[in-house]
Each structure stands twice: as structure tokens, then as C-alpha cells.
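Quick one, structure for this:
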Amino acid sequence: MTNSSVNILHGLLLIDKAAGMTSHDVVRKVRRIFQTRKVGHGGTLDPLATGVLPVAIGDGTKILQFLLAEDKSYRATFKLGITTDTLDVDGQILLERSVPEFSLTDLEDICSEFRGDIKQLPPMFSALKKNGVPLYKLARQGQTVERQHRDVTIQRLAIINCEAEEITIEVDCSKGTYIRSLISDIGERLGCGACLTDLRRTKSGDFSINECQTLENLQQLDDLSSILLSLDEALRSCPAVLLNETAAAALKFGIPPQRNQTQVDTEIVNGDLVRLQVDHKLAAMARYAPLRNKEKRGDYELIRVFGSH
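Reported below is the predicted structural model:
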């Protein structure tokens, strides 16, 4: 494979991240494999965690903003009776408590309190920033700062296994949800605390773990382009809107299309995020907004136009 063939690759790579690596560790390795600096990831995973990590290559970085907003799914195991500073097993133990007797029904009742829209306090060991400084850096210095609760949604929380002091759950949740915080809160409701021992992201948006490659497998491939999703394929969860020639020409000047200049195979409603296509290739991302009053031109609100169309 020549360097020139590597440098022209663009798209989205789906990585099954191994434990012990940061998301940026993955980015660094992918940069070396693809011989390009233009690489970014679509959703941080803690070093403890494994599973789905979308990684954008080249022009694929232009669509990361749309991938970061998508829902996630996890399988998590946690140990009761132990509280750590990081809320996971890699942290320093702050408190050990005896685990009270409880039934599966008791646990189910507690879990039900965390389904739906909830407020969650981000952990100190997180990448969120306070006055421009990541919280985890402050935490490593022994500092604890005030944090704002965040609105998150838990669409599904299922108990998979419950044996003695170890519990496994599956969670479908909105972006920005901290599974470590969720588990810590469940442990506090049981009266004994809890810390995460294993976490696997099984789904990120429309991408499942079954579609992912390990870094080891990636390094063995002769044709890296064979496992890259195009920008259009990477945004497959958004309805495709095909533009006619008039609308395609107008889009070059930043003019959004009228609904009657487009062909849509699925029903779309006001507010839907859509892919605008020219010749079935991604030309722009837009929001269907036929009811807006401020902008008289077009029935779509342009979010990002891609120059290659």
C-alpha cells in the first residue's frame, strides 16, 4: 500500500476499544495506521471500558458533531459495598460498607427510580471542565469542585444478573450519561455504595458492537478502505433527502431546498435531522423545518454543507 493511497482515505471507522486504553490512545494508533493527523473519535470511553468507539478519518471528522449527539447502550457490572474516588474499581477505596439483604424485587424497585428523565451529577473524574481545567486533573490534585446536575434520559435499565454482591445491568441512555454515576447512585439507594467493575458499550447511535474492528485486526488488513464507512453511510440513521438538479445547484450558494424539490423515501416531520443528497451522495446535513418563520427560503434549515457535492 502506498502512502498516497492511505492519505486520500475518508470516512468512519468502527473500533471495538480494548480495556486499558483511553479514547485518545485509539486515535493516536489510528493516526499511525492511516498515516494522517486528521482523526477524531465520536464519544469518549474510559480506560476501563470496552466496546463501540466511532473514529473519523479525514473528511469524516466533519460529521463527528452529528454522531456525538446520539444515544448509547451499555452492559455494566458493579460491586456492592465499595465506594471509590473514581466510582470504578480502578480508583482509591474511600469507604467499605456491609451489603444489606435485599431481594430482586427490591433492586428492581430501586432501578425503576432511575428510568426516564433524571438529573445526574457528573463525577469529578471526568473530562468536563471547570474554568477551562478538566475535572479529572483537579480530582488528581485532591480537589472537589461544585458541579451542576445534568438532565439525562435512561430509556432502558434491565437487571441481567444478580449474584451476592455483584450485579450486571444493561442500559440504553441519552448522550452525556455517566454509567459510573448511575451505578454509584443505585448503590447509595441500597445503602452500601457500589463501584463499576466492567463496562462495555454495545451500541453508539446506529452502530453495534458486531460491526466493530479491534485495533489488532485493523493492523492486519491490506485494504483499509474496505472497512471504512462513507460519510453518507455513517449518517444512515438520518433520513435521506434526494435533491433535484435545481435544488442541487442552489445548494452550492447556500440556498436550502423546497420540499417539492426533493424526494424522500421515508416520512419526515418538522425538526427531523436529514441527509441532503445529490446523486445519492452526501451534500449537506439539514433540519426539516417547513414551519419556521425567520427564513423564507426553503423548507430545510442547513446545518453543514459539504463542498465536495
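
quick one: secondary structure of the nearest residue to residue 189 once chain neighbours are set aside?
With CB to CB, 6 or more residues apart in numbering as the criterion, residue 189 has its nearest non-adjacent residue at 4.6 Å, and that residue is residue 110. Just so you know, the C-beta spots here come from the backbone N, C-alpha and C atoms, and that holds for glycine as well. Reducing the assignment at residue 110 to three states with DSSP: H, G, I helix; E, B strand; the rest coil gives helix.

can you offset everything so residue one is 30?
Renumbered: residue one is now 30, and that last one reads residue 139.

Neighbours of the residue nearest to residue 137 when sequence neighbours are not counted, how many?
Computed as CB to CB, 6+ apart, the closest residue to residue 137 that is not its neighbour in sequence is residue 188, at 6.4 Å. Neighbours of residue 188 under the rule other CB atoms under 10 Å: 13.

tell me which element residue 188 falls in.
Element membership for residue 188, per DSSP states H and E: strand 179-192.

same deal with residue 333?
Going by DSSP H and E, residue 333 is in strand 329-334.

Would you mark the buried spots in that strand?
Buried residues in strand 329-334, counted by 16 or more other CB atoms under 10 Å: 329, 330, 331, 334.

domain parsing for the protein?
32-98+240-259, 101-233, 267-334 (automatic domain parsing).

which stretches of the chain form helices?
With DSSP state H as the criterion, the chain has helices at 32-36, 52-63, 93-96, 133-141, 164-169, 208-219, 244-248, 260-263, 274-280.

residues touching residue 51, list them.
Taking CB atoms under 8 Å, 6 or more residues apart in numbering, we find residue 51 in contact with 75, 76.

could you measure it against residue 71, distance?
From residue 51 across to residue 71, the span is 15 Å (CB to CB, to the nearest Å).

thought the residue nearest to residue 137 was touching residue 215?
No. Contact criterion CB atoms under 8 Å: residue 188 and residue 215 do not qualify, at 10.2 Å.

Which neighbours do the two have in common?
The contact sets of residue 188 and residue 215 overlap at residue 140 (CB under 8 Å, 6+ apart).

what about dumping the CA coordinates of stretch 321-335 to CSV?
C-alpha atoms of stretch 321-335 as CSV (Å, rounded to 0.1, in the frame of the first residue of the first chain):
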residue,chain,number,x,y,z
ARG,A,321,-40.1,28.3,10.6
ASN,A,322,-40.9,32.0,10.1
LYS,A,323,-37.5,33.7,10.1
GLU,A,324,-36.2,32.1,7.0
LYS,A,325,-38.4,32.3,4.0
ARG,A,326,-36.1,30.4,1.6
GLY,A,327,-36.6,26.6,1.6
ASP,A,328,-38.2,24.1,3.9
TYR,A,329,-34.9,22.9,5.3
GLU,A,330,-32.5,24.6,7.7
LEU,A,331,-29.0,24.0,6.6
ILE,A,332,-26.6,22.9,9.4
ARG,A,333,-23.5,21.9,7.4
VAL,A,334,-22.8,21.9,3.7
PHE,A,335,-20.1,19.6,2.3
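
one step back: could you check the angle helix 208-219 makes with the strand holding residue 188?
70 degrees (axes from the mean of the first three to the mean of the last three CA atoms, to 10 degrees).

Does strand 179-192 pack against any helices or strands, and if so which?
helix 133-141, strand 145-149, strand 195-202 (3 or more CB pairs under 8 Å, 6 or more residues apart in numbering; DSSP states H and E).

rerun at 10 Å
strand 101-109, helix 133-141, strand 145-149, strand 195-202, helix 208-219 (3 or more CB pairs under 10 Å, 6 or more residues apart in numbering; DSSP states H and E).

Please spell out the segments of this structure that come in under the pLDDT threshold.
30-36, 322-325, 337-338 (pLDDT under 70).

give the contact list for the most centrally placed residue in it.
Centroid check for the chain by CA atoms, centre = their mean gives residue 72 as the closest residue, at 4.1 Å. The neighbours of residue 72, taking CB atoms under 10 Å, 6 or more residues apart in numbering as the test, are 52, 81-83, 93, 96-99, 101, 204-205, 230, 233-234.

Can I get the buried part of those as one ChimeraX selection?
A single ChimeraX command selects the buried members of the contacts of residue 72 (16+ other CB under 10 Å):
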select :52,81,82,83,93,96,97,99,101,205,230,233,234
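
Mind checking which of the contacts of residue 72 land in strands?
Among the contacts of residue 72, DSSP state E puts 81, 82, 83, 101, 230, 233 in strands.

circling back: list the neighbouring strands of the strand holding residue 333 plus their orientation.
strand 310-317 (antiparallel) (DSSP bridges).

Residue 107 pairs with what?
According to DSSP bridges, beta-bridge pairing links residue 107 with residue 196, residue 225.

Do I have it right that it meets residue 113?
No. Counting by CB atoms under 10 Å, residue 107 does not reach residue 113; the two are 11.0 Å apart.

Tell me, how many residues neighbour residue 148?
Using other CB under 10 Å, residue 148 has 9 neighbouring residues.
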